[in-house]
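1. next come a sequence and a model predicted from it.
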Amino acid sequence: MSGNASILSRLPFDEKLIYIDGEWTTSQASQTCRVENPDTAETIATVPECNAQDLDHAVKAAYTAFHDGPWVNEYSGSQRRDALLALATAIEESRQDIEELESLNTGKPISDVRVELDDTIDLFRFFAGYADKVEGRHIAAQTNRNLEGYTVKVPVGVVGFINAFNYPICLLAWKVAPALAAGCTIVFKPGPQTPLTTQYFAHLLHKTGKFPRGVFNVVLGGVGVGQALVDHDLVDKIGFTGSVATGKQVIQSTASTRNVRCTSVELGGKSPGVVMPDADLDKTAKLVVSGCMANAGMNCNALTRLWVHRSIYDEFMPRIKAAAEALVLRTPQDGATEMGPLIDKRQYDRVLEYIRIGREEDRAALLTGGQPALGRGYWIQPTVFFNVSPTARIATEEIFGPVLSVLEPFDSLDEVIEIERKNEFGLAAGIFTRRHQDIAKFTRKLRSGTIWVNNYNALYSYLPFGGFRNSGFGRELGYESFDGYLVPKSIIDDISY
Ligand code: NAD
């Protein structure tokens, strides 16, 4: 039996079970979802498609845990810290199982999944460190010396999380680790395509024995259960990651429920990169291609709009072509694989449609790729267009696939900054140069949540991540995300009374 077959045969949950109120419980739903391996398009598991009853059960469990349970009302910050540290260790001890499962369910290269697991474990340890450092402020009374004013920070309450499919275990950690550290309770819904590592995570959390019942609950499914979570009146905050269209619906819905609630939305991107005349062309070509093609381009911050200075344009194109064609596309579980397939048929069809649009509607020149790959599953070749108009559809719409648009050559950085000001998105950007003035101008003027200088895609637990404009609002990672799960209360005490 191969390692992969063995993890699927050893799953600690079955097709009817969901984790609610501290136990594996049978879903009330009659519907199930098929879970695929995108490498082959074969079904590898089945999970429940939760219904309104399951959702209500999960939210009420989180609500009771928040208002009456020990996690919020009895545990000290250091007990919550220790619970998160124990969870990090449990993930570390089972990381091989999680890596196999994640790679099978997403088609990601196993080497990338290992990095994702390193980050996941680090995130739980990083946010554990904040759990015992919730601080308020004392404010000296301005008008009446007998009044003491101070703030205390309290957890925001029940948080409903809705995730995208593209980094299932790592994006779970981005959300769950700071929210648990802040003392919130959670109902978590993963992307419908990728539920398996969320289920496995629930199993590990349960096994630690450190999280009281109702603190972490899972619902599975798509639009229906996601919408029901957003609409549920007992939810205090929604943390959403996904497309702009769904994000806008979520914002509208959270404003229409009986109680308005805080929302954080992490949405799409169309991130520009700029190659200046002094850039190291060999190094930069590789950085640009991995910046775009990492996770088969299903990356919110993928570098998809590339600006190359006119003076180096013709020299640079062959390097980009060579770097794209050198990417190794093999079975995701092969350690040498550098790029995997798209997640499902819908995403595969969408990417092929954008390649058609690039050729036929945008009339862009194809440098390389443009075809399905490997003759199975949802594979598409790394694809690069060049001489693309900055207003072309392939240069402005999020494709979420391995498609890079090299724009028409530019002459001045000011011109680039002026055009990028109108970019619908503002999630990330990159610049490749050693000229200090250009770096300063770009990083100061560009309204982007993350700007990489001479590198791309590096993210750290301690640096906030999020967007401007249609890339959303709120921040994940860093102290900022932890603070987003806390709210201040002002206390005014008359000490002369
Ligand atoms: P999507 O919008 O289709 O789905 C996202 C999640 O929302 C899924 O769990 C889905 O089931 C759920 N959902 C769908 N309709 C809903 C509704 N009406 N109410 C509540 N929930 C609903 O996005 P996707 O295809 O899963 O993910 C790709 C998108 O996510 C891309 O646009 C990408 O840029 C974005 N993304 C952003 C970040 C970030 O941090 N900014 C990170 C990863 C992905």
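-> Done, it's in.
2. CA atoms for contacts and neighbours, from now on please.
-> Fine.
3. nearest residue to S412 in space, please, no chain neighbours.
-> Using C-alpha to C-alpha, 6 or more residues apart in numbering and skipping residues adjacent in sequence, the residue nearest S412 is H309, 7.8 Å away.
4. I misspoke; the intended subject was R305.
-> Excluding its sequence neighbours, the residue lying closest to R305 (C-alpha to C-alpha, 6+ apart) is P272, at 4.5 Å.
5. which residues touch the one you found?
-> 303-307, 420, 428-430 (C-alpha atoms under 8 Å, 6 or more residues apart in numbering).
6. so it, which state does it fall into?
-> The three-state label given to P272 by DSSP: H, G, I helix; E, B strand; the rest coil is strand.
7. next one: S490
-> Assignment for S490 (three-state DSSP): strand.
8. go on, D112?
-> Secondary structure state of D112, per three-state DSSP, is helix.
9. quick one: residues contacting it.
-> E338.
10. roughly how far does it sit from D39?
-> Distance, D112 to D39, by C-alpha to C-alpha, to the nearest Å: 15 Å.
11. show me what contacts the closest residue in space to G214 that isn't next to it in sequence?
-> Closest residue in space to G214, ignoring its immediate chain neighbours: D21 at 3.9 Å, by C-alpha to C-alpha, 6+ apart. When contacts are counted by C-alpha under 8 Å, 6+ apart, D21 is found next to 58, 61-62, 213-217.
12. now with 6 Å, please.
-> Neighbouring residues of D21 by C-alpha atoms under 6 Å, 6 or more residues apart in numbering: 61, 213-214.
13. go through those and name the one nearest the ligand.
-> A61 (19.8 Å; C-alpha to the nearest ligand atom).
14. quick check: buried residues in the helix or strand hosting the closest one?
-> A61 is part of helix 52-68, with elements assigned from DSSP states H and E. By neighbour count on 16 or more other C-alpha atoms under 10 Å, the buried set for helix 52-68 is 52, 54-66.
15. which residue is the nearest non-sequential neighbour of the spatially most central residue of the chain?
-> Centroid-nearest residue in the chain, with C-alpha atoms, centre = their mean: L171, separated by 4.3 Å. Nearest residue to L171, sequence neighbours excluded (C-alpha to C-alpha, 6+ apart): N163, at 7.3 Å.
16. what does V308 give?
-> Counting by C-alpha to C-alpha, 6+ apart, the residue nearest V308 is V275, at 4.8 Å.
17. measure how buried that neighbour is and give me the count.
-> Using other C-alpha atoms under 10 Å, V275 is surrounded by 26 other residues.
18. that one contacts S311, doesn't it?
-> No - checked against C-alpha atoms under 6 Å, the pair V275 and S311 is beyond contact range at 10.5 Å.
19. ok, which stretches of the stretch 301-450 of the chain are helices?
-> Shown for the stretch 301-450 of the chain, the helices assigned by DSSP state H, counting those that start in this stretch span residues 313-326, 345-360, 393-396, 413-420, 436-445.
20. avg pLDDT for the shortest one?
-> Averaged over helix 393-396, pLDDT sits at 98.
21. on that earlier part again, gap between the helix or strand just after the helix holding A61 and the chain center?
-> Later in the chain than helix 52-68, the nearest helix or strand by DSSP H and E is helix 70-73. With C-alpha atoms, centre = their mean, to the nearest Å as the basis, helix 70-73 stands 28 Å off its chain's centre.
22. cool, stretch 38-52 as well?
-> Taking C-alpha atoms, centre = their mean, one finds stretch 38-52 lying 20 Å from the centre of the chain it belongs to.
23. contacts for that stretch next, please.
-> The contact list for stretch 38-52 (C-alpha under 6 Å, 6+ apart) reads 15-16, 29, 31-36, 107, 220-221, 341, 343-344, 376-378.
24. show the backbone phi and psi for the residue lying closest to I20 once chain neighbours are set aside.
-> Among residues not flanking I20 along the chain, N217 sits closest, at 4.7 Å (C-alpha to C-alpha, 6+ apart). Main-chain dihedrals, N217, degrees, to the nearest 10: phi -130, psi 150.
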